[in-house]
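*Asks:* pasting the structure only:
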Ligand SMILES: Nc1ncnc2c1ncn2[C@@H]1O[C@H](COP(=O)(O)OP(=O)(O)OP(=O)(O)O)[C@@H](O)[C@H]1O
């Protein structure tokens, strides 16, 4: 693993009420690392993810991100437009509900092409070629390139959302329950695809999930949250096979006990 972090999170807090949100969160994320954020519903996972991905201003603390040119950015000291630019270029966000990450009323091809145009690509045939290539890479039927995502199944929409994000070669992807709400068999295929892409592209990922099986499959390191705090962090196998904090023990055993 590269020794210089890609992101440094220092004492980050965003609270809606005591214990609701996230509080005093600190960790580093390294290039190519997949970090899982786990915890029960309401533990603050999404609040944290949104604060990390420049979409929700924290009350206190900082998120530093090292750009591809080596420059460190202090996210919440940047103008809003710069944060939005990062989200369009070096970062990607895969939402649980595809409708939050796709434009449902334009074609699948346009959904992918739009992100390329946002980073300055103007050549129509290149945009279309790249779009088709990415559709193949995420195992979508290219003959449906002109169909709207609203005519796609849930699993296909997630694949399209992933293609839309990856087409600009981001370095860091934020995922919020990317397989939530899908059939178990569709979930398994999507997870397989995500695992392959993350390895091939050496992507850094921060993934929120309440599903420990998903965390085990994708994440190298885990952060366990409860009532807005990190209660345990460590290598995934270590945390899941030998949990130290009573809450993590409960979380792990509640999955094992039918
Ligand atoms: N905009 C908001 N206004 C007020 N309270 C909020 C808001 N967003 C989240 N909360 C509260 O903050 C707490 C943490 O919510 P959050 O969505 O971060 O948890 P989560 O772990 O992602 O849960 P889930 O797995 O159910 O999505 C919850 O008690 C939630 O009700």
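*Replies:* Thanks, I have the structure now. Keep in mind the model is a prediction, meaning the values are calculated, not measured.
*Asks:* please count neighbours and contacts with C-alpha atoms only from this point.
*Replies:* Noted.
*Asks:* how about the strands in the stretch 1-150 of the chain?
*Replies:* 7-17, 20-29, 34-38, 60-66, 72-74, 91-94 (DSSP state E, counting those that start in this stretch).
*Asks:* does the ligand sit close to the longest one?
*Replies:* Same thing as strand 7-17. Yes: judged by C-alpha under 6 Å from any ligand atom, strand 7-17 comes into contact with the ligand at residue 16.
*Asks:* do a quick rundown of the helices in this protein.
*Replies:* 45-52, 80-88, 98-101, 108-118, 124-137, 154-166, 184-201, 212-218, 236-241, 246-256 (DSSP state H).
*Asks:* what parts of this structure come near the ligand?
*Replies:* So far as C-alpha under 6 Å from any ligand atom goes, the chain lies against the ligand at 16, 20, 21, 40, 41, 42, 43, 44, 45, 46, 47.
*Asks:* what's the farthest-apart pair in these?
*Replies:* 16 and 40 (17.5 Å; C-alpha to C-alpha).
*Asks:* between those two, who's got more neighbours?
*Replies:* More neighbours surround residue 40 than the other of residue 16 and residue 40, with 15 against 10 (other C-alpha atoms under 10 Å).
*Asks:* which residues does that one contact?
*Replies:* Neighbour list for residue 40: 210, 225, 226, 251 [criterion: C-alpha atoms under 8 Å, 6 or more residues apart in numbering].
*Asks:* tell me which of these fall in strands.
*Replies:* Residues from the contacts of residue 40 lying in strands, with DSSP state E as the criterion: 225, 226.
*Asks:* flag the least confident of the contacts of residue 40.
*Replies:* Ranked by pLDDT, those bottom out at residue 210 (89).
*Asks:* that one: how many residues sit nearby?
*Replies:* For residue 210, the count of nearby residues is 20 (other C-alpha under 10 Å).
*Asks:* before we move on, what about the one 4 residues further on?
*Replies:* Residues within reach of residue 214, counting by other C-alpha under 10 Å, total 21.
*Asks:* likewise residue 9?
*Replies:* Residues lying near residue 9 (other C-alpha under 10 Å) number 17.
*Asks:* pretty sure it sits against residue 27.
*Replies:* Yes: applying C-alpha atoms under 8 Å as the test, residue 9 and residue 27 come out as touching, 5.2 Å apart.
*Asks:* pick the most deeply packed of the helices of the chain.
*Replies:* Ranked by mean neighbour count, the helices of the chain are led by helix 154-166 with a mean of 25 (mean count of other C-alpha atoms under 10 Å).
*Asks:* understood, closing this out.
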